[in-house]
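# okay, predicted coordinates and the sequence, questions at the end:
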Amino acid sequence: MQIRFSDEARQLPRAEEAERILRSCVHCGFCNATCPTYQLLGDELDGPRGRIYLIKQVLEGQPATASTQLHLDRCLSCRNCESTCPSGVDYHNLLDIGRAVVDRAVPRPASQRALRLGLRGLAASPERFKALLRLGTVFRPWLPTNLATKLPQASAAITARPAPHHARKVLMLEGCVQPGLSPNTNAAAARVLDRLGISVIPCAEAGCCGALDYHLDAQAAGLERARRNIDAWWPHLDNGVEAIVQTASGCGAFIKDYGHLLAHDPAYAAKAKRVSERALDLVQVLGNEPLEHICAARNQRIAVHCPCTLQHGQKLGGAVEALLTRLGFNLTDVPDGHLCCGSAGTYSLTQPALARQLRDNRLNALESGQPELIVTANVGCQSHLDSAGRTPVRHWIELVDQSLAE
């Protein structure tokens with residue numbers, strides 16, 4: 001592909017990376033075949049190939065418009081196209097570069113700015129987010145339907161975690177919205193790890209992974225959160241901690257990208273690389289452990305939803321299914337398992353109509369085998385799918401933890 005960046009674009013910190021990614025695209029269009037938004041809208045500019053073309057135009061000096069911004073906003077960042085692309089185009093990094101340029105050139109309406117600022121302020125603070133959920137639960141009958149359905153269907157009793165006492169130690173990212181939306185997920189993970197002789201070491205200094213800021217027009221703020229987490233985890237890594245475990249695949253995908261995103265930061269490049277190498281999704285940790293000796297699976301029909309951040313972002317598609325099958329759970333077949341559910345971080349709030357269509361399509365596929373329960377590996381997907389009020393949706397580790405207790 002012939003590329004002629006403008007003088008301004010050539011001054012961008014990631015100009016060389018953007019040019020390299022653009023040159024790798026051969027415009028074959030295979031990506032459109034698996035792009036969820038292209039399948040819904042049928043618009044070339046709402047598929048990866050069209051968005052790549054839009055970003056190329058802007059970097060070559062053509063003016064960005066509100067229409068350009070809309071087509072980039074509609075992208076779920078599901079990275080399905082990356083799994084499909086025969087040329088290995090690093091689409092999500094090009095999208096991040098392009099979005100930052102367009103967002104600087106095209107001011108958003110006040111309502112959008114307020115929404116994004118509010119999401120960043122609330123979701124990145126677990127205490128504020130939990131307080132908002134409690135308030136929303138009280139006023140649920142009077143809330144608009146699209147907001148009321150975002151609240152958890154029921155408040156689960158929060159269960160205790162075992163105190164650290166094993167020689168083997170891991171850290172665990174607590175998350176920013178997960179303590180409010182699914183408070184027992186990390187507790188269940190800690191109990192299962194404890195039964196395997198692995199202790200979860202608390203690290204209160206670590207906070208939001210930074211993905212929410214980074215993908216809501218605040219890339220610098222997202223990277224600053226990454227640096228703070230690296231500083232919080234670093235002493236523990238030097239003290240024998242095996243891994244930084246994530247139970248939310250969306251956070252995990254972003255932390256595994258720390259090394260790339262901070263590669264040009266002289267103070268953090270080496271540390272970020274090490275943190276990314278030590279970051280593991282929970283299924284990676286448990287996959288090599290003798291769980292079958294302590295797990296008694298129930299004969300319950302389960303459908304597994306594999307989040308995009310797990311299968312396309314972390315390349316761990318099928319890992320949860322393989323582990324649950326190994327443990328004796330009865331899994332149903334799920335057609336089109338590569339497609340996005342529409343959660344995509346805050347997408348279900350910034351693009352609600354498209355998100356609902358994608359959610360309902362995914363639920364139709366997940367429910368085609370008539371499961372009693374749907375399990376997933378990401379709190380955003382869990383909350384979004386469960387908001388339909390259909391088949392109950394939980395994190396898969398809660399299912400494993402329940403089978404240990406029984």
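Happy to help now that I have it.
# what sits against residue 121?
residue 128 (C-beta atoms under 8 Å, 6 or more residues apart in numbering). Where you see a C-beta, it was placed from the backbone N, CA and C, and this is true even at glycine.
# could you give the average pLDDT over the helix or strand where it lies?
Per DSSP states H and E, residue 121 falls inside helix 110-123. Helix 110-123 carries an average pLDDT of 88.
# for the helix or strand hosting residue 272, packing partners?
For residue 272, the element it lies in under DSSP H and E is helix 269-278. On a contact count with 3 or more C-beta pairs under 8 Å, 6 or more residues apart in numbering; DSSP states H and E, helix 269-278 meets helix 219-237, helix 258-261.
# highest mean neighbour count out of those?
helix 258-261 (a mean of 20; mean count of other C-beta atoms under 10 Å).
# centre of the chain to that one, how far?
16 Å (C-alpha atoms, centre = their mean, to the nearest Å).
# and the contacts of that helix?
93, 223, 226, 230, 269, 272, 273, 274, 275, 276, 277, 279.
# recalculate using a threshold of 7 Å.
223, 226, 230, 272, 273, 275, 276 (C-beta atoms under 7 Å, 6 or more residues apart in numbering).
# what is the rounded mean pLDDT of it?
Averaged across helix 258-261, pLDDT comes to 97.
# and stretch 77-90, end to end?
Using C-alpha to C-alpha, to the nearest Å, the span of stretch 77-90 from its first residue to its last is 12 Å.
# and the angle from the helix holding residue 272 to helix 219-237?
Interaxial angle, helix 269-278 versus helix 219-237 (axes from the mean of the first three to the mean of the last three C-alpha atoms, to 10 degrees): 70 degrees.
# run me through the strand neighbours of the next helix or strand after helix 269-278, direction for each.
Once the chain leaves helix 269-278, the next helix or strand it forms, by DSSP H and E, is strand 279-281. Here strand 279-281 has these sheet partners by DSSP bridges: strand 244-246 (parallel).
# skipping its backbone neighbours, what lies nearest the residue nearest the centre of the chain in space?
When C-alpha atoms, centre = their mean is applied to the chain, the residue found nearest the centroid is residue 250 (1.9 Å). Distance criterion C-beta to C-beta, 6 or more residues apart in numbering; nearest residue to residue 250, sequence neighbours excluded, is residue 309 at 4.5 Å.
# which among the helices and strands packed on helix 269-278 is found nearest to residue 364?
Smallest distance to residue 364 across the helices and strands packed on helix 269-278 (C-beta to C-beta): 34.0 Å, for helix 219-237.
# C-alpha coordinates for the closest one, PDB please?
What follows is helix 219-237, C-alpha atoms only, in PDB (Å, rounded to 0.1, in the frame of the first residue of the first chain):
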ATOM      1  CA  GLN A 219      -4.800   7.500  26.500                       C
ATOM      2  CA  ALA A 220      -2.300   9.400  28.700                       C
ATOM      3  CA  ALA A 221      -4.500   8.800  31.800                       C
ATOM      4  CA  GLY A 222      -4.700   5.100  30.900                       C
ATOM      5  CA  LEU A 223      -0.900   4.800  30.600                       C
ATOM      6  CA  GLU A 224      -0.500   6.700  33.900                       C
ATOM      7  CA  ARG A 225      -2.700   4.100  35.600                       C
ATOM      8  CA  ALA A 226      -0.500   1.400  34.000                       C
ATOM      9  CA  ARG A 227       2.600   3.000  35.500                       C
ATOM     10  CA  ARG A 228       1.000   3.100  39.000                       C
ATOM     11  CA  ASN A 229       0.100  -0.600  38.800                       C
ATOM     12  CA  ILE A 230       3.600  -1.500  37.800                       C
ATOM     13  CA  ASP A 231       5.000   0.500  40.700                       C
ATOM     14  CA  ALA A 232       2.500  -1.300  43.100                       C
ATOM     15  CA  TRP A 233       3.300  -4.800  41.700                       C
ATOM     16  CA  TRP A 234       7.000  -4.500  41.300                       C
ATOM     17  CA  PRO A 235       8.100  -5.200  44.900                       C
ATOM     18  CA  HIS A 236       6.000  -8.300  45.000                       C
ATOM     19  CA  LEU A 237       7.500  -9.600  41.700                       C
END
